[in-house]
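Asks: One predicted model, sequence on top.
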Amino acid sequence: MISESLPSARPAKADVADALKNATYEVLPFKTAEEKVLAHVPADVALTVTTTEAKGLGPTIDLAVRLRRHGYRAAPHLAARLVRDEAHLTDIAARLREAGVDDVFVIGGDAPEPSGRFPDALSLLEGLKNTGHTFASVGIGGYPEGHGQIGGDLIERALEAKTPYATQIITQLCFDAATTVRWARKVRSRGVGLPIRVGVPGAIGRQKLIRVSAGLGLGQSARFLKKQQSMFWRFFLPGGYSPNRLVERLTPALSESDNNLRGFHVFTFNELESTEAWRQGWLSRLS
């Protein structure tokens, strides 16, 4: 899956090497996740840990805390719709700070209805501030292709409203580099100056997403499949899907000053061995 040609432009070479060297990995809080991280991911790779509606926030917080004890920077996804109230939020924040977890990624979450008083990411970010809980790194989501349930202008205004509370933006998967770059330029033109990490898929086999979706629970699985259907089409093309071409097409934009693109966030789907081998393959050939 790493046989496609690599970019040859010398000025862009250092930028893509830096983006891959400092890439962050997203992992799912499944039973084998901790073991796979320890076996295959260097301790200097920062991680995020997703939240699933079926399992709730507990496994996400637990895994982030355990990974921090192993020396990793691990940011749990705090899904606003799964947080009940200020007391629940305070308990979460206190446990994370006690464990030395100083990074979070705040999202609205896919639960059909909020379980408490936080219906979206902005309200949770405001809740963190109002209860006096601060973190060194706070990520928020970016949507180059829009959001299935929120209008385009509304989602961009929400991004602007969340910006004062955040330190970086991590985008959802988008397989069209030009779309991502246009979106990033628009975001910057609207006065959002946060660095943007581009979400890219790891080196994963064509059957992996089916196995992942089966572990998410029926309701969330259906929404996951719907959101990721563009990825599925690519996986069932002859030869499957490789992230190389997407990285190549994003590379020129990493050296441009009009878009705030500053790195990659790799959706690993817990295929950590093959994803790390893919990253190291790029780095060795760019060195």
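Replies: In hand now; what should we look at?
Asks: ranges for the helices of the stretch 1-150 of the chain?
Replies: With DSSP state H, counting those that start in this stretch applied, the stretch 1-150 of the chain shows helices at 10-21, 33-40, 57-69, 86-98, 121-130, listed in chain order.
Asks: Quick one: list the elements packing against the second one.
Replies: Secondary structure elements in contact with helix 33-40, counted by 3 or more CB pairs under 8 Å, 6 or more residues apart in numbering; DSSP states H and E, are strand 24-27, helix 57-69, helix 272-286. To be clear about C-beta, it is placed using only N, CA and C from the backbone, and glycine gets the same treatment.
Asks: and among these, the most buried is which?
Replies: Burial of the helices and strands packed on helix 33-40 is given as mean neighbour count (mean count of other CB atoms under 10 Å); strand 24-27 ranks first at a mean of 23.
Asks: Partner strands of that strand and their direction?
Replies: strand 47-49 (parallel), strand 261-267 (parallel) (DSSP bridges).
Asks: Contacts for the longest one, please.
Replies: Put plainly, it is strand 261-267. Residues from elsewhere that reach strand 261-267, judged by CB atoms under 8 Å, 6 or more residues apart in numbering: 18-20, 22-26, 48, 168, 170-171, 173, 180-181, 184, 195-202, 247, 250, 253-254, 275, 279.
Asks: on that earlier part again, for the helices of the stretch 1-150 of the chain, give me CSV that also has mean pLDDT and distance to Pro76.
Replies: Below are the helices of the stretch 1-150 of the chain laid out as CSV (pLDDT from 0 to 100; distance: least, CB to CB, whole Å):
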stretch, mean pLDDT, distance to Pro76
helix 10-21, 84, 24
helix 33-40, 98, 12
helix 57-69, 97, 4
helix 86-98, 96, 7
helix 121-130, 96, 12
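Asks: got the contact list for the closest residue to Leu63 other than its chain neighbours?
Replies: With sequence-adjacent residues excluded and distances taken as CB to CB, 6 or more residues apart in numbering, Leu63 is closest to Pro29, at 4.6 Å. Pro29 sits next to Val49, Thr50, Thr51, Thr52, Lys55, Pro59, Thr60, Asp62, Leu63 when contact means CB under 8 Å, 6+ apart.
Asks: Closest one of the residues you listed to Leu125?
Replies: Distances from Leu125 to those, taken as CB to CB, are shortest for Thr51 (15.7 Å).
Asks: how many neighbours does the closest one have?
Replies: By other CB atoms under 10 Å, 24 other residues sit near Thr51.
Asks: Return the distance of it relative to Arg262.
Replies: Separation of Thr51 from Arg262 (CB to CB, to the nearest Å): 24 Å.
Asks: Dihedrals phi and psi, the residue nearest to Leu63?
Replies: Note on Pro29: its backbone torsions stand at phi -80, psi 60 [degrees, to the nearest 10].
Asks: follow-up on the earlier one: want to try JSON lines for the helices and strands packed on helix 33-40, with distance to Leu78 as columns?
Replies: Shown next, in JSON lines, are those (distance: least, CB to CB, whole Å):
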{"stretch": "strand 24-27", "distance to Leu78": "14"}
{"stretch": "helix 57-69", "distance to Leu78": "7"}
{"stretch": "helix 272-286", "distance to Leu78": "23"}
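Asks: before we move on, the earlier item: kindly reformat the strands paired with strand 24-27 as CSV containing mean pLDDT.
Replies: Rendered in CSV, the data for the strands paired with strand 24-27 read as follows (pLDDT from 0 to 100):
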stretch, mean pLDDT
strand 47-49, 98
strand 261-267, 94
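Asks: Turn those strands into TSV, columns for distance to Gly141.
Replies: Formatted as TSV, the strands paired with strand 24-27 follow (distance: least, CB to CB, whole Å):
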stretch	distance to Gly141
strand 47-49	11
strand 261-267	10
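Asks: Is it possible to get TSV of the helices of the stretch 1-150 of the chain that adds distance to Gly139?
Replies: Compiled in TSV, those are given as follows (distance: least, CB to CB, whole Å):
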stretch	distance to Gly139
helix 10-21	16
helix 33-40	19
helix 57-69	13
helix 86-98	14
helix 121-130	10
